[in-house]
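Student: here is my input; please provide its structure:
(one chain, ligands or ions: 2)
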Amino acid sequence: MPATVTVRHALGSYRVAVGPGLLEQLPVLAAEHLPERRSAMIADAAVFALYSAGRFGAMTWTGETLCVPPGESTKSRDTWGRLTDDLLERRFGRDSGLIGLGGGVVGDLTGFVAATYMRGLPYILVPTTLLAMLDASVGGKTAVNAPQGKNLIGAFHPPAAVIADPLTLATLPEREYRNGLAEAVKHGLISDAEYFEWMEAEAAAILRRDPATVARLVYRSVEIKAEVVSADERDTGRRAVLNAGHTVAHALEQLSGYRLPHGEAVALGLIAECDIARRMGVASPELRARVAALLARFGLPVRYEKPLDLEAAIGQMGSDKKTRGALIHCALPAAIGRMHQEKGWTVPVPREAVEAALVELQDRSRTHF
Ligand SMILES: NC(=O)c1ccc[n+]([C@@H]2O[C@H](COP(=O)([O-])OP(=O)(O)OC[C@H]3O[C@@H](n4cnc5c(N)ncnc54)[C@H](O)[C@@H]3O)[C@@H](O)[C@H]2O)c1
Ligand SMILES: [Zn+2]
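Tutor: Ligands and ions are numbered 1, 2, ... in the order given. Just a heads-up that it's a prediction; the model follows:
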């Protein structure tokens, strides 16, 4: 039996099912969640090739499939235009449904096509990266990128269901897998010390991608994100805690011309923001060391090796879309499993603290954390 988490959303609640082997039931699940609908699958071409080659066990999908090239550049208005044209030519009506098979790129794209085609179709997500399973598939945000920035054109449109099968992760490149782990560490840090300790204890099984262990990891992370997203509807602003590590991460990603993968940027961002929290007297000095140790265990970077233009990095944080005015705002951790809360979930941070944390992040003399 798969474990399911219900994500409560103002625009519609939905279930995330997590279980090894779930993909075999895709036609049944599609019929259950998209009843009596003619459904089309939008698939990452690389993932669909793996599936067609039999690498995803007995997944059976014989319905219509629209493949898109793998990679972030596919998440564009151009691809959205081509997909919607294709659906129109194939005469998909308002009584259709969509299924997105792939990582966060296909998830966000399928969601945005579903949000806009015929003023909105229901859709199912079948995430096949760890990041898409425990982060991108939860929360109902859909988008495509624009030349001016990522995710600038989008809509809130929650899926009808999410089907996460950890067995699909067997083929995921190591670096992509580790990227997803950075968000799992963030989930433990922001709201569950026990989960964080469990990751420390089970690191070997997690890295081995033991299906039952990965299923547990995905399940708990989805529960945490779902809880935060649901709570945000009552107590606006709580969603900001999901942005832990991301103020610094977005700046590092941007400065690297997006060559630094998101998960690696998040690992560095979490470490820097633990440091900022300590400098502001919000967290203990041990917090940074413990977070860095787990990230390092997961093979994520804990030091920024390249030269860093501090002025540009700090300037970038001031213009981050999550900041208000010129001041840098961060959601700061107080301890493992607990975020700092004052008037709200983010606090203005003095630029000296950010600068010092970035210098520390580059410190080559540190041999341990
Ligand atoms: N909607 C949200 O709330 C949200 C949250 C976080 C991230 N995102 C978005 O998610 C995207 C990143 O997602 P991602 O990291 O999954 O990237 P991705 O979709 O580009 O997938 C990464 C790579 O892995 C390959 N791949 C996918 N599944 C595979 C498998 N099972 N085996 C082998 N290869 C596989 C893909 O072909 C691709 O090359 C970004 O566009 C980001 O903006 C959205
Ligand atoms: Zn992230």
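
Student: and the helices in the stretch 251-369 of the chain?
Tutor: Using DSSP state H, counting those that start in this stretch, the helices of the stretch 251-369 of the chain run over 262-279, 285-297, 310-318, 351-362.

Student: partner strands of the helix or strand where residue 43 lies and their direction?
Tutor: Per DSSP states H and E, residue 43 falls inside strand 38-44. The pairing partners recorded for strand 38-44 under DSSP bridges are strand 64-68 (parallel), strand 96-102 (parallel).

Student: so who does the residue of the stretch 201-350 of the chain found nearest ligand 1 touch?
Tutor: At 6.6 Å from ligand 1, residue 262 is the closest residue in the stretch 201-350 of the chain, using C-beta to the nearest ligand atom. Just so you know, the C-beta spots here come from the backbone N, C-alpha and C atoms, and that holds for glycine as well. Neighbour list for residue 262: 131, 179, 182, 249, 253 [criterion: C-beta atoms under 8 Å, 6 or more residues apart in numbering].

Student: please repeat the previous calculation with a cut-off of 7 Å.
Tutor: Residues in contact with residue 262 (C-beta atoms under 7 Å, 6 or more residues apart in numbering) are 179, 253.

Student: look up the pLDDT of it for me, please.
Tutor: With respect to pLDDT, residue 262 scores 96.

Student: what does stretch 100-115 contact?
Tutor: Stretch 100-115 is contacted by residues 41-44, 47-48, 68, 71-72, 74-75, 79-80, 83-84, 98, 120-121, 123, 125-129, 131-132, 136-137, 142-144, 154-155, 157, 159 when judged by C-beta under 7 Å, 6+ apart.

Student: mind giving me the ChimeraX command for buried ones among the residues you listed?
Tutor: With 16 or more other C-beta atoms under 10 Å as the criterion, this ChimeraX line picks the buried residues out of the contacts of stretch 100-115:
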select :41,42,43,44,47,48,68,74,75,79,80,83,84,98,121,123,125,126,127,128,129,131,132,136,137,142,143,144,154,157,159
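
Student: re earlier: winner for burial among the helices of the stretch 251-369 of the chain?
Tutor: Greatest average neighbour count among these goes to helix 262-279 (a mean of 26), per mean count of other C-beta atoms under 10 Å.

Student: buried residues in stretch 100-108?
Tutor: 100, 101, 102, 103, 104, 105, 106, 107, 108.

Student: which residues are contacting the longest helix along the chain?
Tutor: The longest helix of the chain (DSSP state H) is helix 211-234. By C-beta under 7 Å, 6+ apart, the residues outside helix 211-234 that reach it are 3, 5, 7-8, 10, 16, 18-20, 133-135, 138-139, 164, 166-167, 169, 183-184, 187, 191-192, 195, 202, 205-206, 238-239, 241-242.

Student: can you list the residues of the stretch 1-150 of the chain near ligand 1?
Tutor: 44, 46-47, 50, 70-72, 75, 102-106, 108, 128-129, 131-132, 135-136, 139, 141, 150 (C-beta under 6 Å from any ligand atom).
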